[in-house]
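Participant: using only what follows, build the 3D model:
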Amino acid sequence: MNLNVVRRIDDRVPIRRALVSVSDKTNLEFLARGLLAACPDVVFYSTGGTHAALAGLFGLDTRRHLVAVSDYTGQPEMQGGLVKTLDFKIYLGLLSEPYNEAHDADLARCGAVRFDLVVVNLYPFVQTVQKPGCTPEVARGHIDIGGPCMLRAAAKNYIRVACLTDPADYEGFLRETIQNGGAVSFSLRFRLAQKAFEHVAAYDQAIARYLSGLSVEDARRVYTFEESGGRDV
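Facilitator: Predicted coordinates:
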């Protein structure tokens, strides 16, 4: 496998498009209003409940500022919200590197856009398994897949993309972004990438600890097993 070696990047990257999918909507309005103030042309791409929350905040002009991820990808969400953001167009927009003509061509071919900011926090797995009566099936349902994937992609591409995982960081992020005229510096993107990888690692460790504390029988007793071995579509 040939890996790209990037030499040319921009110190400050203007925020034009933000991919937002949050379980914890604390300070979401504060962040959205601040981003619009700092970057008047920013477009929010969002999923499910986040999209509804953004649309209801302050009458965003949906034609200009708000796009549903399902409209962007051309694919509706899988029932139960199991697949929303795991799409080639999403990851082209997250992983495309600066000054790369081949990546520019891929984006154009697919009608994809670059994302400059990712705002994601994950399903509350730890809080869920701490509740009395939580079953392995309830815990399983709260294992986030798309969120960690987006965070990993954005954090890997810190040379161009900023990622926010913690509502407590919104204020400082906006302060620096406003000072930079609506752009995010390399130093801030790198610090946020460090935090994102720590966040995802801790999340996966929590899942591993929970599952390792169960026996097979603990898991089996919550299900009814069919004799057919499953069915084909």
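Participant: let me see the ranges of the strands in this protein.
Facilitator: Using DSSP state E, the strands of the chain run over 13-14, 17-22, 43-46, 66-68, 117-121, 162-164, 183-184.
Participant: same for the last one, what does it pack against?
Facilitator: Applying 3 or more Cβ pairs under 8 Å, 6 or more residues apart in numbering; DSSP states H and E, one finds that strand 183-184 makes contact with strand 13-14, helix 170-179. Using the backbone N, CA and C atoms, a C-beta is placed for each residue, glycine as well.
Participant: mind listing what Cys149 touches?
Facilitator: Taking Cβ atoms under 8 Å, 6 or more residues apart in numbering as the criterion, Cys149 is in contact with 85-86.
Participant: for Glu97, which of the strands of the chain is the nearest?
Facilitator: Closest approach to Glu97 among the strands of the chain (Cβ to Cβ): strand 13-14, 12.1 Å.
Participant: related to what we said a few turns ago, export the helices and strands packed on strand 183-184 to TSV and tack on mean neighbour count?
Facilitator: Shown next, in TSV, are the helices and strands packed on strand 183-184 (neighbours: other Cβ atoms under 10 Å):
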stretch	mean neighbour count
strand 13-14	20
helix 170-179	16
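Participant: who touches Glu77 in this structure?
Facilitator: Going by Cβ under 8 Å, 6+ apart, Glu77 touches 47-48, 70, 83-84.
Participant: how about 10 Å then?
Facilitator: Under the criterion of Cβ atoms under 10 Å, 6 or more residues apart in numbering, the neighbours of Glu77 are 47-48, 68-70, 83-85.
Participant: about what we covered before: as CSV, the helices and strands packed on strand 183-184 with mean pLDDT and distance to Ile145 would be great.
Facilitator: As requested, these are arranged in CSV below (pLDDT from 0 to 100; distance: least, Cβ to Cβ, whole Å):
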stretch, mean pLDDT, distance to Ile145
strand 13-14, 97, 27
helix 170-179, 96, 24
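Participant: for Asn100, find the nearest of these.
Facilitator: strand 13-14 (14.6 Å).
Participant: and that closest one, which strands flank it?
Facilitator: Sheet pairing for strand 13-14, assigned by DSSP bridges, gives strand 183-184 (antiparallel).
Participant: which helix is the longest one in the protein?
Facilitator: Longest helix of the chain, by residue count under DSSP state H: helix 186-212.
Participant: packing partners of that one?
Facilitator: strand 13-14, strand 117-121, helix 125-129, helix 136-141, helix 146-156, strand 162-164, helix 170-179 (3 or more Cβ pairs under 10 Å, 6 or more residues apart in numbering; DSSP states H and E).
Participant: if we can go back for a sec, looking at the strands of the chain, spot the one closest to Leu192.
Facilitator: Closest to Leu192 of the strands of the chain is strand 162-164 (Cβ to Cβ; 5.4 Å).
Participant: I am finished for the moment; much appreciated.
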